[in-house]
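Student: Sequence plus predicted model, see below.
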Amino acid sequence: MRSICAYSLVVVFLFSCTDTEEPILPAMLTGTWRMVEYEENQDVERVESFTFYENGTYGQWVEYREAGSGAFLGYQFYAGGTYELEGKRALIQESERLFQLGGTFYGELDQLSPINPNPEIWAELSLRENGTVLNMHLPCNPVSSALCVPNKTFNKLVAFSSDLL
């Protein structure tokens, strides 16, 4: 009898811990997701953000901030376009891509230079920690693969509302 109970608990535990194939719904993805990395060689924080909007559009930014204080320094990159969800994947289609070219590695958004948008790409997505952490796997571009970080983890920003006070 004990072995049946123990076996049942193991089976329940194993199945409760496996990744489900439940799709990611638009409401689950809508909002701003941020990843912050410290760049020791420049003594700055690199902040990459994705904002997914309810209407199927998105914006992606890479900005730099002072390490410690978080004071904004400037943007390195911006991309915008549309996305479509299919299960646990997102088809990302850029319509605009801007990049900081020239002497510094960041500048004001209106100083970024337009470059050719990437063709459509599929990103593999997974949500963890009650939908507050987004894991995104992006394929690497063969031309810039040395700069590629295919697996990224973003934290969802919580909107502040004065209505809650």
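Tutor: Arrived safely, thanks for sending.
Student: Does Glu63 lie in a helix or a strand, and which?
Tutor: Using DSSP states H and E, Glu63 falls within strand 57-66.
Student: Please state the offset of that strand from the chain centre?
Tutor: Distance, stretch centre to chain centre, for strand 57-66: 10 Å (C-alpha atoms, centre = their mean, to the nearest Å).
Student: how about the very next helix or strand once past it as CSV, C-alpha atoms only?
Tutor: Downstream of strand 57-66, the first helix or strand assigned by DSSP H and E is strand 72-86. In CSV, the C-alpha atoms belonging to strand 72-86 read as follows (Å, rounded to 0.1, in the frame of the first residue of the first chain):
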residue,chain,number,x,y,z
PHE,A,72,19.7,57.7,-18.5
LEU,A,73,22.6,58.1,-20.9
GLY,A,74,21.2,57.4,-24.3
TYR,A,75,19.9,54.8,-26.8
GLN,A,76,21.9,52.5,-28.9
PHE,A,77,19.1,50.8,-30.8
TYR,A,78,15.4,50.8,-31.6
ALA,A,79,13.2,48.5,-33.6
GLY,A,80,9.5,48.5,-34.1
GLY,A,81,6.9,46.5,-36.0
THR,A,82,4.3,43.9,-35.5
TYR,A,83,4.1,40.5,-33.8
GLU,A,84,1.7,37.5,-34.0
LEU,A,85,1.5,34.8,-31.4
GLU,A,86,1.2,31.1,-32.4
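Student: contact partners of strand 72-86?
Tutor: 23-26, 29, 44, 46, 52, 56-66, 90-100, 104-109, 112, 117-118 (C-beta atoms under 8 Å, 6 or more residues apart in numbering). Glycine gets a C-beta too; all of them are placed from N, C-alpha and C.
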